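Peer 1: Sequence and computational prediction follow.
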Amino acid sequence: MATAIENRTTDTGQSVSTEGTGQIKITLTTRDESVAVPDVPLLVPLSLKRYGLSEVVNHLLATEKPIPFDFLINGELLRVSLQDYITSKGLSSESTIELEYTRSILPPTFLASYSHPDWVSSVDILKSSPPSKAPIVSGCYDGIVRTWSLAGQVTSEFSGHTGPVKSVKFLEDGKKIVSGSMDRSIRVWKVPGESRDEDEDAEETIAAVGSARIFTGHKAAVNNVATNSATSRILSAGADCAVGLWTSSYKQAPPATVVASTREANGKRRRKVAPPSRGPISMLESHSGPVTGVIFDAQDPTVGYSVSLDHTIKTWDLVTSELVDTRITSFSLLSIAHLPRLSLLCCGSSARHVTLHDPRTSADETTTRTLYGHTNFVVSIAASPESEYMFSTASHDGTVRVWDVRANKSLYVIDRDTSAADTRTKVFGVDWSREVGIVSAGEDKRVQVNRGTDLDTAKVSS
Amino acid sequence: MAKRKIPQKGQLSASRSVPNPLGNTSAPAAVRSPSPDSTDDVDVDNESSIENLFDEEAEEASDEEDEEDQGEDNFFNDDNDEDDEDDDEEDENSFFGIVDGGISDSGNESEVENVADITEIGSDDENIIEEFDGESDSEKEEESAEVIKNDEIDDDSDDEFLSKSESIADAESQTSVSDNDDGRIVHYTKGADGKPRPIYREIDPHYSSDDSDADDYNVIGNIPLSAYDEYPHIGYDINGKRIMRPAAGSALDTLLDSIDVPEGWTGLVDRESGGELKLTKEELELVKKIQLGQNAGEVNPYEDTVEWFTSKTEVMPLSSAPEPKRRFVPSKHEAKRVMKIVRAIREGRIVPNKPKARPEDDFKSYDIWADDLPEQAPHVMHIPAPKQAPPTNEESYNPPEEYLPTDEERKEWEETDPMDRERNFLPQKFSSLRAVKGYENFVRERFERSLDLYLAPRVRRNKLNIDPDSLLPKLPSPQDLRPFPIKCSVTYTGHKGRVRAISVDPSGLWLATGADDGTVRVWEVLSGREIWSVSLDASEPVQSLEWNPVKDCGLLAVAVGERIYICQPPLFDDATEATGQDMLAAGWGYAAQPTATEDENKEPLCKWIRPTSKIANVGVDVAIVCRKTVKQVTWHRRGDYFVGVSPEGANMAVLVHQLSKHSSQSPFRKSKGIIQRAQFHPFKPMLYVESQRYIRIYDLSTQTLSKILQPGARWLSSFDIHPQGDNVITGSYDKRLTWHDMDLSAKPYRTLRYHQRAVRDVRFHQRLPLFCSASDDGHINVFHGTVYDDLLKNPLLVPLKVLKGHAVVQSLGVLKVEWHPKEAWLFSAGADSTAKLWT
């Protein structure tokens, strides 16, 4: 049977160089029941790479349209030919290799980019089903928060920040938007109701909403915010070395102790305008350097993680507002994301790499892995909605990279669409959702949407 | 030395072999000296004169036979032999007493040798024989011929020689008997030693023969007798008469004649007369004597000595010169020669009593398969000739076809100049090695090779067998000294002119830069976003700026032209702003007070004024107007005082301003050269002031000059003080970075020359053991510099990284550098109107 398979795969016209005449016995397994193949050992040429193996699986499945697959050996992605793999591992070609295959994430292709008047510092996607009409929100250095439809139209603008917006997040299934700014305040914007969705006129859909709940408490710029829709809690990372815990409910929020101030452009300086503001539930002050990233635990909303320029990752118990754990790394950390299934924290550092940490206190190893590839600060990380092993990072080197923790190198590199090759512009923010794809924001004043186009079809076929 | 002994030896041998030399002489009168006072001494002398003749021969003989034996010993031995046997020659014994006393060792060889000597004496003493014999020439010739024949025999073989000597010894004993019979010895008396002593007859001197006596003398001269074979005569006598051929008998007659031997028959033909040569008995005696090598008798062996040089004082001496000193002092030369030999013996160059090499040792075997290594180490200066390349296929007598030249190649080869030829031969093919002709260029090639070897200078290169790595100082690897900046992360672009000033705020979040376009900009460090900017003076460049080191005030001092501005960029929260404003506002009250109490007439050094509203609105709060261009501002660590440096200000070059009182004062009365920079000590009340060549350290509490640092540079550009205060680095326009350890000396502890162009700025990191230097070549050199608490340990300086990225514009590169207050991040301001962050 094995030879028959081999013959037929070569018949399909794949570019298998038969000069490496060696063959190896493999078994194919998968966790995806929809694409399972019979568990029979096959004899395949050693020269096969991912594509060839994918062809074999598709042939076995007899799919009408080929589904791209990725292959794993012992939890490690196969990025080279089988020959190279067994050579590097020192295996014999007599041995049987167990190949696990998963649906491949296709290289994200450029879909669209939405232009802004200024640098775009942050972007967030509303992960809701059914997909929202305006699933993208962006924070801009001009201090305005914008929501975008997939068609590239601004659905609403929220202006009020007196400084550049550093971070934006959806809250409560898209009903609210939280933004943190360099004006040291956090504002919670109420997204205009879905009733406006019926309005055909695009002009009217741009809602200039100025009514925001202002939360003050940070003494310096708010670098990052994180939201938890279930508990309506907000975490903020401040450059004043503090992590703020807030509630989005204005009424429940305690009164502000720090008064937000704005400087009037034309009037005498120091004339303070103090709009009503609320304070944080608590300020978690333990970091010794500016806090750059903060997230909720993806599964437990009472746990928060923060990273700071003081090289530490801190785990917070948000119920008691107490510090649980501190992990010390050797570089300034700029961003953080949580991979819940693997219980890993991916941290982007100023030393141009991504480190993977297990936040559990029981874990002995402080660092499990370091992924190299970026050439500048890694400032934003977004976990993949597709796979528990994947995430994407945005870096100041002008690229967004897609990683799989099982592979040493990044899977895909997404360049800025507009940037010339010689002047790479920084990417400040990235987010990834199943419906929209990978959305990134950068110095080129654009939000760029990339997406593996075949994902849908793959899904349909399954 | 050996030469002197030889005659003695000869004498001895002669005297030994001839126990009574007079016994054999045919003419006893001639032997015996005529002089009445003739003594034995005289005899000896006579003998020695004979021996002198023999001398050379003896030497030869000894050389021939006793080559192995070292001369002296042998001679001594010989002497001893003679002594033992020379019983009758007492006087001789006494005479050679000096020589005696050596080791007595008699051997056969010496006897044989002596016999040989005797024969030779006989052969050599022709003239003596001639002298006293008076025999005809022909006789002499015959005799000598025979004697020589004997000699030849002697030389030919040892055996014969030995037998000969034996026979001679026999003859000796016979002659001694015959001597007695002859009756030349008159009688024997008893000698002093009790032995019989012969008394000889008086010798009658006369001429026993004369040529003129011969009547029938054939005067044909030297013509062979065969010329007269046809004639009845055989020649002519002196009178011209024919000498008739004597009747030649028949063979039978001859036979009969031979049977009936007449007296004196010899069997020889007299050449002169053609008749039988007859010898008298005496003549025969003489011949025998000559044959034995004895004294032929006519020579007096005991002639009087002519004492040319004598101990007696002579009336008319041959030479009136006084006896030279060397006659009676031991010869230094001899001692030298002796010592030379002694030394040679000591050193083993001469081995006395060396055992004779056995003949089997002479046989040398050679291992022809052994490597031909030099038997001894070559001389120190010996340089072996380079080996020639081994022959290749082309040189073969039977090369493969592809090596044979084609006709074109051959033609080309022949046409090219011999000097330009790639090789000096053409490959040839021969059917067999036998067919190969002689190589005509062999000699020339050898000659050219020799010429090359001779003319080409060859040098013995002594290889230094030193591991080059061991010469390098043991420095830790830069990998172990991380973190340090590696590459550019952020570029801050926006300025229109050279960025001359750069400063990071104490929190490390905001970077302030000032440029030649007169603007001050504040950037967000991480994103590189310009947050705030103000144009202070369009015409004057921003020379220097520095954040107030107090954390929560957000004040920035900027030096533009002749003014110093204090700004507060709107980046901070209310509390910070309020703190800063309070610090500024406190001084206005002081400034308002007239300073009448102190110096009414004096114009104040500086004026503290409020800036124009245009810039005041954006955050510039105070302007200080000085008299000269302020090139540098630097804060005291407390944030209240700051120093402005205006190099053209002469004695007011350094002004200390106080923020809280809005006052300025000049700490120095006199200027010490062009003051370029000033800086407060990190924690002590000290002010470091940099002039063109020196850094002066003033103690502010006692108001004294505490130290002068001499970096040794022509023109200093910048300096910085280590956060611990004990070390200073300086940069100079002559490309050098110097590290001063204040505890060591005023001179630099280390000078680092890494830059190609002038060093513009040097900077210590405030927390990490890092420092850097920025240069006009556009590079920033990052160093590791650990200062140990142990005072005995010198600082460890390790070059880490050269950061390249700034473009050189109008031969200006990096103008200013600044470290991040916490991280190992470096900010640099370049002439290419950008600032960069290196992480």
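Peer 2: Nice, I can see it.
Peer 1: Residue B:339 is in what secondary structure piece?
Peer 2: helix B:332-347 (DSSP states H and E).
Peer 1: And that helix, what's buried?
Peer 2: Buried residues in helix B:332-347, defined by neighbour count with 16 or more other CB atoms under 10 Å in any protein chain shown: none. C-beta: built from backbone N, CA, C; applies to glycine.
Peer 1: And the residue of the stretch 151-300 of chain A closest to chain B?
Peer 2: The nearest approach of the stretch 151-300 of chain A to chain B comes at residue A:219, 4.4 Å away (CB to the nearest CB).
Peer 1: what about that residue, which SS state?
Peer 2: What DSSP: H, G, I helix; E, B strand; the rest coil gives for residue A:219 is coil.
Peer 1: Tell me which residues touch the residue lying closest to residue B:652 once chain neighbours are set aside, please.
Peer 2: Of all residues not flanking residue B:652 in the chain, residue B:666 sits nearest, at 4.7 Å (CB to CB, 6 or more residues apart in numbering or on different chains). By CB atoms under 8 Å, 6 or more residues apart in numbering or on different chains, the contact list for residue B:666 reads B:605, B:651-652, B:654-656.
Peer 1: where's residue B:649 relative to chain A, distance?
Peer 2: 33 Å (CB to the nearest CB, to the nearest Å).
Peer 1: contacting residues for the residue of the stretch 151-300 of chain A closest to chain B?
Peer 2: Going by CB under 8 Å, 6+ apart, residue A:219 touches A:184, A:238, A:240, A:242, A:258, B:573, B:575-576.
Peer 1: distance of it from residue A:242?
Peer 2: 8 Å (CB to CB, to the nearest Å).
Peer 1: What confidence value was assigned to residue 29?
Peer 2: As the question left the chain open, I've gone with chain A. On pLDDT, residue A:29 comes in at 85.
Peer 1: actually it's chain B I care about, not the one you picked
Peer 2: For residue B:29, pLDDT reads 38.
Peer 1: do the same with residue B:285
Peer 2: 84.
Peer 1: And the average pLDDT for stretch B:445-455 is what?
Peer 2: Stretch B:445-455 shows a mean pLDDT of 90.
Peer 1: Pull out the buried residues from stretch A:26-40.
Peer 2: A:26, A:28, A:30, A:35, A:37.
Peer 1: Any idea how far it is from the middle of the chain?
Peer 2: Put simply, stretch A:26-40 sits 30 Å off its chain's centre (CA atoms, centre = their mean, to the nearest Å).
Peer 1: Can you show me the CA trace of the strand or helix carrying residue B:186 as PDB?
Peer 2: In this assignment (DSSP H and E), residue B:186 forms part of strand B:185-190. What follows is strand B:185-190, C-alpha atoms only, in PDB (Å, rounded to 0.1, in the frame of the first residue of the first chain):
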ATOM      1  CA  ILE B 185     144.900  -3.500  19.800                       C
ATOM      2  CA  VAL B 186     148.200  -3.400  21.600                       C
ATOM      3  CA  HIS B 187     147.000  -4.600  24.900                       C
ATOM      4  CA  TYR B 188     144.200  -4.400  27.400                       C
ATOM      5  CA  THR B 189     144.400  -2.500  30.600                       C
ATOM      6  CA  LYS B 190     142.000  -2.600  33.400                       C
END
